[in-house]
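Participant: Kindly return the folded structure for what I paste below:
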Amino acid sequence: VGPTVRSNSNIMAPTRLCVAVLVFVSVCDGVLVGAASWTPLEQARVPNVGAVAVSADATWFATLVSGMSGSLNHLAPNGTVEIFPVEGNGSRVTVWDALCAGGGCSSPSFDPNGNALAMLSGGQVWVSHLEGGAWTTPNHVWQPSAKTSIAAFVWGPEHYIGFSYAFAQPASPVARVVEEDIIIDVITNADIVPQYVFCVVPSVSSDSTEGRCYDDLDVSVGLAGWAISCWPFDSQFSFAPSNKAPTVVALSHTHNTFANDWTDVAVSLLDLSTGNRVLVSSGTSFQPLFSPSGKHLAFTRADAGDYVWAQTWHVCVASIDALKVEATVCQEQGTLDQMPTLVSWIGDDELLYMEQNRTAVQLFSMRVADGTPGSWSAVSIPGLPAKSCPVATAPGAGCGVIGGGFRSTTRVAVSSASAPKPVLGFTYETLGETQQGFVASYEPLKLRTQPAKPVTTVDGTQGHVFSTPSVFSWKAGDGRDVEGLYWPGKTNNAPLVLFTHCGPAMAQMQTFVGYGSVCARFPLASLAEAGFAVLAPNYRGSSGYGKEFRRADEADWGGADYDDVLSGAVALITAKLVAPDKVLHTGWSYGGYMGALVLTRAKTTHNLDLSAVIMGGSLTDLISHTGTTDISKIIKSWAGGYFWQDDRAVSMMEHSAMYHVQNATAPTLMFHGAHDPRMPISQSFQLHYALRTRGVPVRMLTFPGSGHIPGDANQLYVIWNETIVWATKHAAQAKNATA
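Facilitator: Okay, the predicted model is just below:
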């Protein structure tokens, strides 16, 4: 669905700004930067390795590769799932092609016996079985009704599958009583989903073989109903090991499906025979994971005290005897970034997990002695590409990204937690090398694997060679050290694009630059190749740099973190690496919030005259955001209270762009999803109105049906293309523009 354009007609009509912008941005009127050989269309077509699954006996692998195909305005998702043997020259099996060709498959997983592969597609769980050495055509398992939409699943013992589905109440034309509704759901009269229900079913089931659903629980199981992007919400259930039909499962759950109750996550044990639920841990606990013996249950739990948006998780282990929790011990020292994503037990004395390390994501091992989690170390994986890793400013900063990006969208798969040398399946990428699937045999407790072997040959670069950025460091106004990824311009008088990531507890990492940035995939590679210098600061509040740094923006959003971003631009200008009068800013979500502040305050705080600002999913007023966002508790988390308490309104106004809009002069390009629950579209409308009224050049595009960040490839393409056109046009019109 195409965007709706709102524009200041005196400045720019909603028409194409130049011809052939996909190939030569320099043909636009007045543009004096170079050509971008990596285009938005090429970025749209970059394939993504969604997962690498490994069978329990490590004799079969499965890979999921998705991408986009088609022409402009007609881009459509596609996908391929391949199952292939580890040894020999057996041909790859493509029985999933008909189901996954439209890009609708996810979460491939082998059963514990290694002779079945399950996957999500179209809101159903589909299973292919290994029979007589051949894989069968996938069939879907039983579900409560044809309208059921399954959110997540997990394999259990003896070919059983557990899954959660959305229990929806159809919308009605009668008056709707608002209790914990989301404003956009009320406006659109969306169906009400009060609960996600857990079910267990044999994987060989058909429509005539019913499973059992536990719809009488007083909780909503899993986290998918309120999937906050900052959390690894895919780890929701874990069956206790058994050599017969499953009897116990550990569940993550909440009281309801609303994102605003993000502090309410807990872990419980569910007796599958009686339906009784036993609480293991509350206090924001999730990621349950049974050990191979079933004697221990690992999970993560927020640190003590009032929980805040800048999360901190500790690894905990509960000793379990049937449905009795005998003891729970948490690793209080904390991991490197204190935000571990649990992967698997290795025996009963080792836990593997993934975690961000500055701009990298690595695999780590934690020792567990008699149910007590202890020391941890990074796992060495030789054989991974490293030629495109930036020079780090800190020792041990790591190279590349395991798992697909922020908060690890794809976990490392483990063949068997009880195998002497389990085989790991995972994705890996660097800034200049596209994501690929790899496998490697792991040596328990030795903190290393055998050399990794690639199992995919995805051509994401399309023959293109990308420049490798450096890690640029500077001192913020208060003396704090800050760093970011920096792509130098073609000259020392190049225009500078500041890209501020979303979050704030996220980061710009060493993911493949040709795929775009974190959040809306801004075309950083295209901008760099067009001649722009690009700086992506990991300001205070970012993940990857430890708890203290991540929480250094508490009660100060738009304060010191805002200075971190602009002081990076000042540092580059002072070093005579970029042009002082050609600074642009782009960002989405929290990056859009930062963009609005930069637009309205940069001149008064840092004496910067911006050439242009590009923002999406923006937050412009912290006061009106309260009560209209789906996560209003984030305001209390950040500020310690709401605007009506303890004179906080004054500080919130100081840190909100709408109360400084009289200072805005830079040409502004705005994007917003029409159904955004996180940053309601009214946040952008009020800024757009103010800019138009003041005669500031502004262009606003809204995306029908889109939530917080567009997922439709055609909408994303519009964002990328418009970004390049706006940036090149207004950088060229800046004072003293040079080639």
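Participant: Quick one: low-confidence residue ranges for the chain.
Facilitator: 1-36, 88-91, 205-209, 224-234, 304-307, 391-397, 405-409, 735-739 (pLDDT under 70).
Participant: quick one, helices of the stretch 401-550 of the chain?
Facilitator: For the stretch 401-550 of the chain, helices defined by DSSP state H, counting those that start in this stretch occupy the ranges 524-529, 547-550.
Participant: among those helices, which is the most enclosed?
Facilitator: For the helices of the stretch 401-550 of the chain, the largest average neighbour count (mean count of other CB atoms under 10 Å) is found in helix 524-529, namely a mean of 26. Glycine gets a C-beta too; all of them are placed from N, C-alpha and C.
Participant: can you put the helices of the stretch 401-550 of the chain in JSON lines and add distance to residue 260?
Facilitator: Shown next, in JSON lines, are these (distance: least, CB to CB, whole Å):
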{"stretch": "helix 524-529", "distance to residue 260": "33"}
{"stretch": "helix 547-550", "distance to residue 260": "21"}
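Participant: Residue 151 is nearest to which of these?
Facilitator: helix 547-550 (28.3 Å; CB to CB).
Participant: so residue 678 is in which element?
Facilitator: Take DSSP states H and E as the rule and residue 678 turns out to sit in neither a helix nor a strand.
Participant: OK, contacts around it?
Facilitator: 589, 617, 629, 630, 631, 707, 708 (CB atoms under 8 Å, 6 or more residues apart in numbering).
Participant: biggest helix in this protein by residues?
Facilitator: When the chain is parsed with DSSP state H, its longest helix is helix 713-732.
Participant: Of the contacts of residue 678, keep whichever come out buried.
Facilitator: 589, 617, 629, 630, 631, 708 (16 or more other CB atoms under 10 Å).
Participant: ok, so of those residues, who is nearest residue 104?
Facilitator: Closest to residue 104, out of all of those and judged by CB to CB, is residue 708, at 21.2 Å.
Participant: Identify the residue nearest that closest one in space, chain neighbours excluded?
Facilitator: Leaving aside its chain neighbours, residue 708 sits nearest to residue 678 (4.2 Å; criterion: CB to CB, 6 or more residues apart in numbering).
Participant: so what's residue 419 up against?
Facilitator: 56, 58.
Participant: where's it relative to residue 365, distance?
Facilitator: 16 Å (CB to CB, to the nearest Å).
Participant: same question, residue 84
Facilitator: Taking CB to CB, one finds residue 84 at 28 Å from residue 365.
Participant: Which strand residues bridge residue 198?
Facilitator: Applying DSSP bridges to residue 198 yields these beta-bridge partners: residue 164.
Participant: Which SSE is immediately downstream of the helix or strand that contains residue 319?
Facilitator: Residue 319 belongs to strand 313-321 when assigned by DSSP H and E. Downstream of strand 313-321, the next assigned helix or strand under DSSP H and E is strand 324-330.
Participant: helices and strands around that following strand, which ones?
Facilitator: strand 277-281, strand 313-321, strand 372-378 (3 or more CB pairs under 8 Å, 6 or more residues apart in numbering; DSSP states H and E).
Participant: The longest one pairs with which strands, and in what direction?
Facilitator: Right, strand 313-321. Sheet pairing for strand 313-321, using DSSP bridges, gives strand 296-302 (antiparallel), strand 324-330 (antiparallel).
Participant: on that earlier part again, of the helices and strands packed on strand 324-330, which stretch is the most buried?
Facilitator: strand 313-321 (a mean of 22).
Participant: Export it to PDB, keeping only CA atoms.
Facilitator: Coordinates of each C-alpha in strand 313-321 appear next as PDB, following Å, rounded to 0.1, in the frame of the first residue of the first chain:
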ATOM      1  CA  TRP A 313      18.600  -9.600  33.200                       C
ATOM      2  CA  HIS A 314      20.300 -12.100  35.500                       C
ATOM      3  CA  VAL A 315      20.600 -15.800  34.700                       C
ATOM      4  CA  CYS A 316      18.700 -17.900  37.300                       C
ATOM      5  CA  VAL A 317      18.500 -21.600  37.800                       C
ATOM      6  CA  ALA A 318      15.600 -23.300  39.700                       C
ATOM      7  CA  SER A 319      16.000 -26.900  41.000                       C
ATOM      8  CA  ILE A 320      12.900 -28.800  40.000                       C
ATOM      9  CA  ASP A 321      11.400 -32.000  41.400                       C
END
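Participant: contacts for it?
Facilitator: So strand 313-321 is in contact with 240, 269, 280-281, 285, 290, 294-303, 325-332, 334-335, 338-340, 342, 351, 353, 366, 368, 371-373, going by CB under 8 Å, 6+ apart.
Participant: Drop anything exposed from those.
Facilitator: 240, 269, 280-281, 285, 290, 294-303, 325, 328-331, 334-335, 338-340, 342, 351, 353, 366, 368, 371, 373.
Participant: what are the ranges of the strands in the stretch 601-739 of the chain?
Facilitator: With DSSP state E, counting those that start in this stretch as the criterion, the stretch 601-739 of the chain has strands at 610-616, 668-673, 698-703.
Participant: Save the ones you listed as TSV, and put in distance to residue 103 and mean neighbour count too.
Facilitator: Output for these, formatted as TSV (distance: least, CB to CB, whole Å; neighbours: other CB atoms under 10 Å):
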stretch	distance to residue 103	mean neighbour count
strand 610-616	23	28
strand 668-673	20	27
strand 698-703	19	24
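Participant: among these, which is nearest residue 110?
Facilitator: Nearest to residue 110, of the strands of the stretch 601-739 of the chain and by CB to CB, is strand 668-673 at 36.3 Å.
Participant: So for residue 496, which of the helices and strands packed on strand 324-330 sits nearest?
Facilitator: So among the helices and strands packed on strand 324-330, strand 372-378 is nearest, using CB to CB, at 34.2 Å.
Participant: Walk me through which strands that closest one pairs with, and which way each runs.
Facilitator: strand 360-369 (antiparallel).
Participant: Tell me which stretches of the stretch 101-250 of the chain form strands.
Facilitator: 105-110, 116-121, 124-131, 134-135, 139-140, 150-155, 160-169, 192-202, 212-213, 220-221, 237-239, 248-254.
Participant: Between these, which one is closest to residue 636.
Facilitator: strand 248-254 (17.9 Å).
Participant: what's the angle between the closest one and strand 150-155?
Facilitator: 150 degrees (axes from the mean of the first three to the mean of the last three CA atoms, to 10 degrees).
Participant: Sort out which one of the contacts of residue 678 lies nearest residue 689 for me.
Facilitator: When these are compared against residue 689 (criterion: CB to CB), the nearest one is residue 617, at 17.7 Å.
Participant: doesn't residue 709 make contact with that closest one?
Facilitator: Yes: the pair residue 617 and residue 709 passes the contact test of CB atoms under 8 Å, sitting 6.3 Å apart.
Participant: coming back round to it: okay, the contacts of residue 678 in TSV with distance to residue 545 next?
Facilitator: TSV is the format used below for the contacts of residue 678 (distance: CB to CB, whole Å):
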residue	distance to residue 545
589	19
617	24
629	26
630	28
631	23
707	29
708	25
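Participant: Give me the subset of the residues you listed lying in helices.
Facilitator: Those of the contacts of residue 678 lying in helices (DSSP H): none at all.
Participant: just the residues you listed now: which is nearest residue 92?
Facilitator: residue 707 (35.5 Å).
Participant: List the contacts of that closest one.
Facilitator: 673, 675, 676, 677, 678.
Participant: got it, and residue 717?
Facilitator: Per CB under 8 Å, 6+ apart, neighbours of residue 717: 40, 41, 44, 72, 73, 75.
Participant: out of the residues you listed, what pair is the most spread apart?
Facilitator: It's 40 and 73 that sit farthest apart of the contacts of residue 717, by CB to CB, at 12.2 Å.
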